[in-house]
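Engineer: Structure here, sequence nowhere to be found:
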């Protein structure tokens, strides 16, 4: 019997891919940029499985053209880049990489919080551009920021990452409020409250909900304006959860003091984004999981999912396990 053909959409280290050696016909994308939709379509033709990234849009129309595709293994926790319903209808298991990036993403969320609160990027730019030499070196209102210790942190979404952020807040001496879309009886490190109470009382709001059809533009104009005046909003979850036009307006008029953003409605962030004109926004380019150890473990789990399917076993990390009940 011929080996199954597996296509990998990004060049992963050889040692990561080694478990697939000899058990499949492995082909790896050699381009230096993310694949375009036409490139992706042509590359996965006749593939039995694919290992992909969150930048790869696996759409319903793409899946309709794949007769042999038997699995999709994504090197990500979120799978909103994959039409999971369409994959399920075609009896295709979809794998992800949970449980390995919560702490790393929580580190970045808190880093953005601290950077926005204490205006660190602004201060760095001030020193690098020589303004410290020409302007008054110190005054009582020189680079005033906001205290983190003793402030109230609101965590929206109490999964693994949100809980990790709550724990960091407690370590900084913050009062931590939490809200989750599905009811929880209690959560360590956070006081469970209603969303409107959290928004009204929190000095910092950190977003950790998944992007779904129900959470698109979840932080709309109404919710943003219901936040405490002078609060800071942090988003390391997914782009599209925050209405960026409403956020920019709230920052411009001073209703919010600042924001820290790792994810955006359009990625890369478009040059015409109104956020780019605001000095009270701290940016990072979707790097929540970007540490060497975390990315290595994510890649290992993605390969582990692929190996399981090739060996005739269920994926150990499958977001649509119902496909196995229908087989």
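Structural biologist: Noted; the coordinates are in hand. No experiment lies behind these values; they were computed from the predicted model shown.

Engineer: Please enumerate the helices of this structure.
Structural biologist: 14-17, 37-43, 60-64, 84-89, 102-118, 120-128, 131-134, 160-171, 195-201, 221-225, 244-252, 292-310, 322-325 (DSSP state H).

Engineer: Would you reformat those helices as CSV and include distance to residue 186, mean pLDDT and mean neighbour count?
Structural biologist: In this view, the C-beta of every residue, glycine as well, is placed from N, C-alpha and C. Shown next, in CSV, are those (distance: least, Cβ to Cβ, whole Å; pLDDT from 0 to 100; neighbours: other Cβ atoms under 10 Å):
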stretch, distance to residue 186, mean pLDDT, mean neighbour count
helix 14-17, 39, 95, 14
helix 37-43, 44, 91, 14
helix 60-64, 40, 94, 14
helix 84-89, 30, 96, 16
helix 102-118, 19, 98, 22
helix 120-128, 34, 95, 13
helix 131-134, 48, 82, 10
helix 160-171, 12, 97, 22
helix 195-201, 16, 98, 17
helix 221-225, 25, 98, 16
helix 244-252, 31, 98, 19
helix 292-310, 28, 97, 19
helix 322-325, 30, 92, 12
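
Engineer: Can you lay out those as CSV showing distance to residue 266?
Structural biologist: Formatted as CSV, the helices of the chain follow (distance: least, Cβ to Cβ, whole Å):
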stretch, distance to residue 266
helix 14-17, 30
helix 37-43, 16
helix 60-64, 20
helix 84-89, 22
helix 102-118, 19
helix 120-128, 22
helix 131-134, 32
helix 160-171, 23
helix 195-201, 25
helix 221-225, 19
helix 244-252, 9
helix 292-310, 23
helix 322-325, 32
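
Engineer: Out of those, which is closest to residue 189?
Structural biologist: helix 160-171 (4.2 Å; Cβ to Cβ).

Engineer: The closest one to helix 102-118, inter-axis angle?
Structural biologist: Put simply, helix 160-171 runs at 50 degrees to helix 102-118, going by axes from the mean of the first three to the mean of the last three Cα atoms, to 10 degrees.

Engineer: still on that earlier bit, relative to residue 281, which of the helices of the chain is closest?
Structural biologist: Going by Cβ to Cβ, the one of these nearest residue 281 is helix 244-252, 6.7 Å.

Engineer: Measure how far that closest one is from the centre of its chain, please.
Structural biologist: 21 Å (Cα atoms, centre = their mean, to the nearest Å).

Engineer: what do you get for stretch 76-96?
Structural biologist: The answer for stretch 76-96 is 17 Å, by Cα atoms, centre = their mean.

Engineer: just stretch 316-327 next, same as before
Structural biologist: Offset of stretch 316-327 from its chain centre (Cα atoms, centre = their mean): 24 Å.

Engineer: what do you get for stretch 247-257?
Structural biologist: Distance, centroid of stretch 247-257 to centroid of chain: 23 Å (Cα atoms, centre = their mean).

Engineer: Ok, stretch 194-201 next?
Structural biologist: 23 Å.

Engineer: Then stretch 197-212?
Structural biologist: Using Cα atoms, centre = their mean, the offset of stretch 197-212 from its chain centre is 15 Å.

Engineer: before we move on, what about stretch 123-143?
Structural biologist: In terms of Cα atoms, centre = their mean, the centre of stretch 123-143 is found 34 Å from the chain centre.

Engineer: Contacts for stretch 188-206, please.
Structural biologist: Residues outside stretch 188-206 that contact it (Cβ atoms under 8 Å, 6 or more residues apart in numbering) are 109, 113, 117, 146, 148, 151-156, 158, 162-163, 165-167, 169-170, 174-180, 184, 186, 223, 226-228, 230-236.

Engineer: which among the residues you listed end up buried?
Structural biologist: 109, 113, 117, 146, 148, 151-156, 158, 162-163, 165-167, 169, 174-180, 223, 227-228, 231-236 (16 or more other Cβ atoms under 10 Å).

Engineer: if you look at the residues you listed, which of them are in strands?
Structural biologist: In this view, the buried ones among the contacts of stretch 188-206 that belong to strands under DSSP state E are 152-156, 175-179, 231-235.

Engineer: which two in those residues are spaced the farthest apart?
Structural biologist: Most distant of these, by Cβ to Cβ, are 175 and 235, 21.0 Å apart.

Engineer: mind listing what the residue minimising distance to the centre of the chain touches?
Structural biologist: Among the residues of the chain, the one closest to the centroid is residue 237, at 4.1 Å (Cα atoms, centre = their mean). Taking Cβ under 8 Å, 6+ apart as the criterion, residue 237 is in contact with 157, 161, 207, 208, 209, 210, 211, 263.

Engineer: Pick the one among the ones in strands among the buried ones among the contacts of stretch 188-206 closest to residue 139.
Structural biologist: When those are compared against residue 139 (criterion: Cβ to Cβ), the nearest one is residue 232, at 23.3 Å.

Engineer: how near is that closest one to residue 265?
Structural biologist: According to Cβ to Cβ, to the nearest Å, residue 232 stands 20 Å off from residue 265.

Engineer: Check the gap between the closest residue to residue 62 other than its chain neighbours and residue 65 for me.
Structural biologist: Closest residue to residue 62 apart from its sequence neighbours, by Cβ to Cβ, 6 or more residues apart in numbering: residue 41 at 5.8 Å. Remark: distance between residue 41 and residue 65 (Cβ to Cβ) = 7 Å.
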